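Undergrad: Provided below for reference: sequence and predicted model.
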Amino acid sequence: MLPVRAMIRSASLFSKWLVVVLVVLAAIAIPIQRVFVGDFRIDDAYITFEFSRNLAAGNGLNYGAGQLVEGYSNFLWMILAVPLEMLSVDVYLGMRHLAWGFWLALVWVVASAARREAGALAAVLATVAIVVSTDLVSASQSALETVPFCALVLGSIVAVTSENIRLRRWASLVGAAAGLMRIDGFLVLAFVVTFDLATSMLERKAPVANELRAWVRRAAPGVAVLLAYWAFRIGYYGHLLPSTVRAKELIAQLNPGRGASQVHDAVRALGLLALLPLAGLALARPTRLRVAAALFVVAQTAYATRVGGDWMPFWRFLLPGLVPLYLLSALGAAQLVSNARKRGPAHWRCAVAVVVAAFGFHVAHADARTLQTPIEQSQRQAARQTKEHTARLLEARGHVAAMIRDPKDVLVTDYGGVHAYYVRATIIEQWGLANWSIATRGDTQGVASIYGKTCIPCYGEFAVDYLYAQVAKGGLLTDTDPFGSRDAVIRAVFQGEALDPVLGLKTGFVVGRVTDSAGKSLYFLERKRPERPLSARKQGVFTIEYPYGDG
């Protein structure tokens, strides 16, 4: 027989290789999941990349043609896109691959933590839960910061609960990275340093003063980084909160039950009821990691309930708490099987059956390729519509760019990502996400608060030059004339009839049409200016004309 020490070393080596194997298998699963989700893009991501593009070009952290507004809430993610812009790499594909890198890091952290805490079974179950999550896949494909934020959240929890004091010293910096990744990530850092202080006091091994000094040394780097960032952004933009936050500040107020309803829907759609008892069982043997994970799940759920959730079809505000829940559930499952093994084969088989049933129930719900609840069907339908609509915006980006005569001209758009990124103009983003006036002075009359605000009176100050019309199903291009009159075009402009009294659309604007070589046309409104002739002209492969005259 091998000596006991050799056996332990061999088992430890096996466990470490297990994590590598799980990560490799997860990497193999990526193409399968990506094919199912497809080229899932969201206009909001292009808003972030517009700031990256401007910064890379030396134009500062501005939006459109030099507008000083903080229209992003993911500073670190925006900064990470700058090198891609400088290298002229396709920023969306590049950031999507970076998001998948964070997804793999998330698998590594979860599998490693589960293995150390409860062994191979826990590592396998936690990895399976992440790999089958269609929502995590959609979040990665969106090229938004959601999955990187989830990875940093879990990394900070694992670091702050580690017995290794060197790793614990990194906890505040990882928490600060989460605070840079999302504007509300300062709550993650606050959670980490508070938990570190609490455990230091409860497990005190030195005089209180010494423990406090040690805690300050651990917390100070991350706190200093985040304070420096907030000082910079407030000094740069002159505001406490970005316009993205101000634009959506009325969600909870106008929809008081929306956050709780979204939590309820997520629990049902993802089959989480089967995992919650296992997560609770994990707390029967409380450790730093288990307690911290449980507290964060509760805190994140409460936060999502308070802010009213989000419109994006992958539970964006709940995913950061979902991953720690997966970890807890895996730990509880391993504990159940371990306890049952000590009581005999019958108990062991029963425990295995319970674990398989619980995780099987969750997998069937979380993987959208299998069983779909009505809620999940609604989510997938919303995802398809979002993907298709963004594709239509991208298809029309050349048409929109062709109609702009001068980069200083003002274009009004309700999709300020694609059009800001590809069109050189002064952009008025109609939801307030990247417009401070609308975000702070607007309301939600006639619009959905989950998307932002509107401020019709504000347009009198914007000197608008262009607005475009939408055709059926939210598309912009058509191969026929679906309008026939100026009034019909105004009605097809987002909030066009409300804007008419302020901007004088019926008297001060003319209907224009941009047509490509394939006969696809975009209809728009252009402000009449005496110095600009309204005659047909060519712009590359596009022809711009004014089919209804100049009024």
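TA: That came through fine. Residues are numbered from 1 along each chain as shown.
Undergrad: where in the protein is pLDDT low?
TA: 1-16, 473-474, 550-551 (pLDDT under 70).
Undergrad: so how far is residue 135 from the most centrally placed residue in it?
TA: Relative to the mean C-alpha position of the chain, the nearest C-alpha, by Cα atoms, centre = their mean, is the one of residue 146, at 3.9 Å. Distance, residue 146 to residue 135, by Cβ to Cβ, to the nearest Å: 9 Å. Yep, even glycine has a C-beta here, placed from its N, CA and C like the rest.
Undergrad: mind listing the shared neighbours of those two?
TA: Shared contacts of residue 146 and residue 135 (Cβ atoms under 8 Å, 6 or more residues apart in numbering): 314, 319.
Undergrad: can you pull out the helices in the stretch 51-200 of the chain?
TA: 75-86, 91-118, 120-131, 134-141, 146-160, 165-169, 171-181, 186-202 (DSSP state H, counting those that start in this stretch).
Undergrad: which other helices and strands contact the strand or helix carrying residue 400?
TA: Assigned by DSSP states H and E, residue 400 belongs to helix 397-403. Helices and strands touching helix 397-403, by 3 or more Cβ pairs under 8 Å, 6 or more residues apart in numbering; DSSP states H and E, are helix 418-422, strand 466-468, strand 509-515, strand 521-527, strand 542-545.
Undergrad: return the last one as PDB; C-alpha atoms alone will do.
TA: What it means is strand 542-545. What follows is strand 542-545, C-alpha atoms only, in PDB (Å, rounded to 0.1, in the frame of the first residue of the first chain):
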ATOM      1  CA  PHE A 542     -26.100  55.800 -51.900                       C
ATOM      2  CA  THR A 543     -28.400  58.300 -53.600                       C
ATOM      3  CA  ILE A 544     -30.000  61.000 -51.500                       C
ATOM      4  CA  GLU A 545     -33.200  62.600 -52.800                       C
END
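Undergrad: and it, what's buried?
TA: Under the neighbour-count criterion of 16 or more other Cβ atoms under 10 Å, strand 542-545 has 542, 543, 544 buried.
Undergrad: surely the last one touches residue 516?
TA: Read that as residue 544. No. Under the criterion of Cβ atoms under 8 Å, residue 544 is not in contact with residue 516, lying 10.9 Å apart.
Undergrad: which parts of the helix or strand encompassing residue 264 are buried?
TA: Applying DSSP H and E as the criterion places residue 264 in helix 258-269. Using 16+ other Cβ under 10 Å as the test for burial, helix 258-269 gives 258, 259, 262, 263, 265, 266, 267, 269.
Undergrad: over to stretch 507-526?
TA: For stretch 507-526, by 16+ other Cβ under 10 Å, it's 509-516, 520-526.
Undergrad: and for stretch 352-359?
TA: 352, 354, 355, 358, 359.
Undergrad: before we move on, what about stretch 301-311?
TA: Across stretch 301-311, burial judged by 16+ other Cβ under 10 Å covers 301, 303, 304, 305, 307, 308, 309, 310, 311.
Undergrad: from these, which single one is nearest residue 343?
TA: For those, the closest approach to residue 343 (Cβ to Cβ) belongs to residue 301, at 33.9 Å.
Undergrad: element containing that closest one, please.
TA: In this assignment (DSSP H and E), residue 301 forms part of helix 288-307.
Undergrad: next SSE after that helix?
TA: Per DSSP H and E, helix 288-307 leads on to helix 319-341 as the next helix or strand towards the C-terminus.
Undergrad: nothing else from me, thank you.
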